[in-house]
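Undergrad: Attaching a predicted model along with its sequence, questions to come.
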Amino acid sequence: MNKLFFGAAYYREYLPVERLQEDIQLMKEAGINYVRIAESTWSTFEPQEGEFDFSSVTTVLDEMHKNGIAVIIGTPTYALPAWLAKKYPDVMATTSSGKNIYGHRQKMDITHPAFLWYAQRIIRQLLQATATHPAVIGFQIDNETKYYDTCSVGAQIEFVKYLKKQFNNDTDAMNNAFGLDYWSNRIDAWEDFPPIEGTINASLGCAFKVFQRSLVSRFLGWQADIVKEYKNDDQFITHNFDFDWRNWSYGIRAEVDHFKTSQVLDITGVDVYHPGQFHLTGAEIAFAGDIARVTKDQPYFVLETQAQAFKDWTPFPGQLRLQAWSHVASGAVLIGYWHWHSIHNSYETYWKGLLSHDLQPNPVYYEACTIGAEFNELAATVTRFSRRSRVALVVSNECLTAIDWHPWKGHQFNRDTLHQYNDVFREYYDALYKMNIEVDIIAIDDDRLFRYEMLIFPLLYTVSDERLQQINHYVEEGGHALFSFKSAFADENMKVRTCVQPGIISKAVGAHYQLFVEPDQTLLHSDVLTLSPEESEVSDWMELITPDENTDVLARYAHPYWQQYAAITHNHYGQGTATYIGCHISTAALGEVYRHVLSNTLYQHEPLPTEKSPVIIKRGFDEHNNIILYYFNYSSEPQSVLFNAPTGRLLFSGNTITQNEAITLKDWDVQIIIVETAK
């Protein structure tokens, strides 16, 4: 693919006035070459049961095609019509909080037979009307799909069947694996299986989450199979995964496995939202890309990102362009805004699009025109490139839900709803991002795991013996591993191991502990890490580590009673190394640990990157093995960095740059340099 797709979601059905021709003209002037339509308006297409009207869609298709704008068709199954909920009330999901009521989107039970029957019919009717249209380049199935906490009777019956298969119909094996003797929670007959939403057993509760995530993969796979009956070989199937939400995209999702579910797609798509204005760092763009790109080892789509959106997101001049090229630098070949126009009614009235409520050109639109022109001119140069990350950050949906049950900060009996796993994930990721250490993000059970030179494991709490032994072997054979606190504590069923912790990986780590405590007036003391008192603070969790005789201690605890224990260790094991961070430390301290470990492993014979945030550098390789360097300034102050290759070409100006020449970046600026490889 040598084209950058640049566009927006377009909802003609939402507009208070007819302005299709005017919108198309503005799109063409902005360089927009595709729109996404149809995924949100089932009730418009089927206002009453069996009455179909796709005229709003076909009109858009005809006019977009006349004007050279491609179209992605979305299946409209994530927001069901009122008549369906009225006729079949059980299509509304029963959750741990009770029965959903109609109104908000994504409140249905994606396993309910009636919902699936009507969903299949609307998909087929829509595709019959649109799939052969020459404007249609692909299909987005559903929208930001999750399992919506469905705990319906049908889902629970399926879950029991799922456990029967997992444990070979042996209730004793299940009781032992999940520790169900506790509080008389044993289940000695499958017909006695209790309602899952009442369980106090973390192992059983997390097993249900694994099952619920599989429902998402099944549902989207089912939709993909329907679409395949209608699509041609040149049309793709995609889906827009979203991420954990903290008023913007924050971390991995508990309710869907991005890696497994991507396998039913041709191209992985994501929705990426991030803080704006002075709070813009680019980290959300980067981590989302480092997941999406790795799911299928290929370029990906950003099907939704912000144009204006909220009042605190409206971009400063230059930021929209900075964001767009940041997506491309991470491997995106499609950038789509949510949405083209701003909505004049209902829930998302103040989530603004490229056009404001007046529907007229504005400064954000004009900056999009600049992006569209640059994309059109430079697409062939920047799209055929690959990333070669030496480091991977390893994630796990199972560990996320396990930490929800057993949080590392706060009271241990308080279930967490903010996914504390993602707090550590983002700290460990963001520190690397700010250091310009490029990483891939990969799942713990992925077969590609051991292709990297270094693996970083935030909160690897629940994992099988077999995988931990493989990690030990990886280190012994020359790999480098870095673990956070609370790693390797429990097996794949969340059963705590009956050994000195961190259990199996103690062999590679070269250390062990028996006690963990709440830090109180505790600092790190280190002879190798340079830290101020504020940066040395330990918070929320600390393990009292005893290192083996030959294990290096990077830091101990400065505390009147715990000072004999190590806080952070680094061990040579076989040909590789293993680092263990046994406490929650500041981001500055984490950066110091990274610097020390990387300098003594991957960067032993070359310097670490000297540039750091707010200057962010991304590196790729084109089909001729030429290096493509992206320089981003994520700040309101101009920045200058030295170019360290022999010679390069500045892509936007065409000028040549030579070694040690300054690269000047204005506020919120981007520069792209091509470094040709000697033939």
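TA: Okay, I see it.

Undergrad: which stretches of the stretch 251-400 of the chain form strands?
TA: Listed in chain order, the strands of the stretch 251-400 of the chain (DSSP state E, counting those that start in this stretch) span 267-272, 300-305, 332-337, 385-386, 391-395.

Undergrad: Report the contact partners of the nearest residue to residue 331 once chain neighbours are set aside.
TA: Counting by CB to CB, 6 or more residues apart in numbering, residue 293 is the residue found nearest to residue 331 once chain neighbours are left out, at 4.0 Å. C-beta here means a position set from N, CA and C on the backbone, and glycine is covered the same way. Residue 293 is in contact with 299, 300, 330, 331, 387, 440, counting by CB atoms under 8 Å, 6 or more residues apart in numbering.

Undergrad: Residue 337 versus residue 293, what's the distance?
TA: 20 Å (CB to CB, to the nearest Å).

Undergrad: Equivalent analysis for residue 461, please.
TA: Using CB to CB, residue 461 is found at 38 Å from residue 337.

Undergrad: repeat for residue 640
TA: Plainly put, residue 640 is 31 Å away from residue 337 if you go by CB to CB.

Undergrad: neighbour-wise, which of those two wins?
TA: Between residue 640 and residue 337, counted using other CB atoms under 10 Å, the more crowded position is residue 337 (25 against 10).

Undergrad: Is the more buried one bridged to anything, and to what?
TA: With DSSP bridges applied, the residues forming beta bridges to residue 337 are residue 8, residue 305.

Undergrad: can you give me the helices in the stretch 51-200 of the chain?
TA: 55-66, 82-87, 113-130, 153-166, 171-178 (DSSP state H, counting those that start in this stretch).

Undergrad: Counting neighbours, show which residues of the longest one come out buried.
TA: The reference is to helix 113-130. For helix 113-130, the neighbour count (16 or more other CB atoms under 10 Å) marks 115, 116, 118, 119, 122, 123, 124, 126, 127, 129, 130 as buried.

Undergrad: where does the protein dip in pLDDT?
TA: Confidence mapping of the chain against pLDDT under 70 gives the ranges 1, 384-385, 415-417, 678-679.

Undergrad: In terms of secondary structure, what does the top helix by length along it contact?
TA: Across the chain, the longest stretch assigned as helix under DSSP state H is helix 202-228. Judged by 3 or more CB pairs under 8 Å, 6 or more residues apart in numbering; DSSP states H and E, helix 202-228 is in contact with helix 113-130, helix 153-166, helix 171-178, strand 236-241, helix 258-261, helix 397-405.

Undergrad: Of all those, which one is nearest residue 39?
TA: Proximity to residue 39 (CB to CB) singles out strand 236-241 among the helices and strands packed on helix 202-228, at 8.7 Å.

Undergrad: Can I get that closest one in PDB, CA atoms only?
TA: Extracted C-alpha coordinates of strand 236-241, given in PDB (Å, rounded to 0.1, in the frame of the first residue of the first chain):
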ATOM      1  CA  PHE A 236     -10.800  -5.200   3.500                       C
ATOM      2  CA  ILE A 237     -12.400  -6.000   6.800                       C
ATOM      3  CA  THR A 238     -11.300  -3.900   9.800                       C
ATOM      4  CA  HIS A 239     -12.600  -3.000  13.200                       C
ATOM      5  CA  ASN A 240     -11.900   0.000  15.500                       C
ATOM      6  CA  PHE A 241     -10.600  -1.200  18.800                       C
END
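
Undergrad: Just after it, pick out the following helix or strand.
TA: Later in the chain than strand 236-241, the nearest helix or strand by DSSP states H and E is strand 244-245.

Undergrad: How far away from the center of its chain is that following strand?
TA: 9 Å (CA atoms, centre = their mean, to the nearest Å).

Undergrad: now the contacts of residue 293 in TSV, with distance to residue 211 and neighbour count?
TA: As requested, the contacts of residue 293 are exported to TSV (distance: CB to CB, whole Å; neighbours: other CB atoms under 10 Å):
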residue	distance to residue 211	neighbour count
299	32	22
300	27	27
330	32	26
331	32	22
387	34	19
440	28	20
